[in-house]
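Colleague: Okay, here's the prediction I keep looking at, along with the sequence it came from:
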Amino acid sequence: MSETTEPELRHAGLNLADDARELREHVESDVFGFWVFLMSDAVVFALLFAIYGTMRHATAGGPDAAQEFKFHSAFWETALLLTSSFSYGMVSLLTKHGRGRLWPLALLAVTFCLGAGFLKMEIHDFVTMFHDGATPERSGYLSSFFVLVGMHGFHVFSGLTWIVLMGIQLVVFGPDERTKVNLIRLGLFWHFLDVVWVVIFSVVYLQGLIR
Amino acid sequence: MNISRSLRRDFITYGIGYLLAVALTGIAFACVFYRLLSPGATLGVVLVLAFIQIIVHMRCFLHISLKRSARADLQLILFSAVIILLMVGGTIVILGNLMARMM
């Protein structure tokens, strides 16, 4: 670690600007550890994308992307997840600047609702696809599609569970040091999921809908 | 540092990130929806926009910046990016080639 006099944050996410030096270094190593997890998760997603890429044309006469994807639901899912990322940013912001716990909690609730809306739309899409006979066992293409997008959906579900637990922690303990570190980690996770979704809507949905 | 000033600066970072992300997403969806370009060009535009949007997310939401390059975070991310590039690129090249030979 290089020495800087600047009291800037040295890790990604929420800054604990006015904390003692040892505490800050502790937080830095905690956050770094979480980055290692995120990057290993990114490798998992990358390989699922690679499999999807190789399975693009392996439809075995079954339904393909152009028939199954709905432009509008992909668009609104993207809007929901992106806005939830922004509202989580506001949670970090207000916690960082010590604006009590009511506003962060309210915005956390907004983030939860937007994320839940995303998941609801995605599940609805999946159910519609199942009705059309586009099930994972129909073709290699659909298997890779459901594994990739389902994996992301599962991550969003885990994130939502975590948001609920985070809310409880905020209510019980208030924004103390431990809660703040957890908020940083949840923030990294949630923003990371949005980055993965950017790749999904570009590579899977938009590429499938181009004609 | 003055609290309200740094609050505003942080808010602007998130705001710019959100607006840029909305704009980039909007352009990508509009290109596909209105069929502004040929299919090949559309795919290229969508992929380039996605790449830019990832950088915007990294910079504005995840607060990764090149200025603090002494930090291990950035090195970890760049290393992971290289690994991902090698594995994804390798998989697609090898399996694409295999498929072409079997056709």
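Modeller: That came in fine, so what should we check first? For clarity, every value in this text was computed on a predicted model and none was experimentally measured.
Colleague: so what does whichever helix or strand B:A21 is part of touch, helix or strand wise?
Modeller: B:A21 belongs to helix B:3-33 when assigned by DSSP states H and E. On a contact count with 3 or more CB pairs under 8 Å, 6 or more residues apart in numbering or on different chains; DSSP states H and E, helix B:3-33 meets helix A:71-96, helix B:39-56. In short, each C-beta sits where N, CA and C put it, glycine included.
Colleague: I'd like the average pLDDT over stretch A:131-150.
Modeller: For stretch A:131-150, mean pLDDT rounds to 92.
Colleague: ok, residues contacting it?
Modeller: By CB atoms under 8 Å, 6 or more residues apart in numbering or on different chains, the residues outside stretch A:131-150 that reach it are A:45, A:48-49, A:51-52, A:54-65, A:67-68, A:122, A:126, A:129, A:200, A:204.
Colleague: again, only this time at 7 Å
Modeller: A:48-49, A:51-52, A:55-56, A:58-60, A:62-64, A:68, A:200, A:204 (CB atoms under 7 Å, 6 or more residues apart in numbering or on different chains).
Colleague: and that stretch, how far apart are its ends?
Modeller: Stretch A:131-150 stretches 17 Å from its first residue to its last (CA to CA, to the nearest Å).
Colleague: and the residue nearest the centre of chain B, what does it touch?
Modeller: Centroid check for chain B by CA atoms, centre = their mean gives B:I54 as the closest residue, at 2.0 Å. Neighbouring residues of B:I54 by CB under 7 Å, 6+ apart: A:V195, A:V198.
Colleague: tell me which of the contacts of stretch A:131-150 is nearest to chain B?
Modeller: A:F49 (6.2 Å; CB to the nearest CB).
Colleague: burial count for the closest one?
Modeller: As a burial measure, A:F49 scores 22 neighbours (other CB atoms under 10 Å in any protein chain shown).
Colleague: Next one: it from A:Y88, what distance?
Modeller: 24 Å (CB to CB, to the nearest Å).
Colleague: Using ChimeraX, define a selection of the buried residues within the contacts of stretch A:131-150.
Modeller: Buried residues within the contacts of stretch A:131-150, by 16 or more other CB atoms under 10 Å in any protein chain shown, are selected in ChimeraX with:
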select /A:48,49,51,52,55,56,59,62,63,64,68,200,204
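Colleague: Just the ones of the contacts of stretch A:131-150 in helices?
Modeller: Counting by DSSP state H, the part of the contacts of stretch A:131-150 found in helices is A:L48, A:F49, A:I51, A:Y52, A:E68.
Colleague: if we look at chain B, which of these are close to it?
Modeller: A:F49 (CB under 7 Å from any CB of the partner chain).
Colleague: how about the residues of chain A that lie near chain B?
Modeller: So far as CB under 7 Å from any CB goes, chain A lies against chain B at A:2, A:10-13, A:32, A:35-36, A:39, A:42-43, A:46-47, A:49-50, A:53-54, A:71, A:75, A:78, A:82, A:85-86, A:89-90, A:93, A:97, A:188, A:191, A:194-195, A:198-199, A:202, A:206-207, A:209-211.
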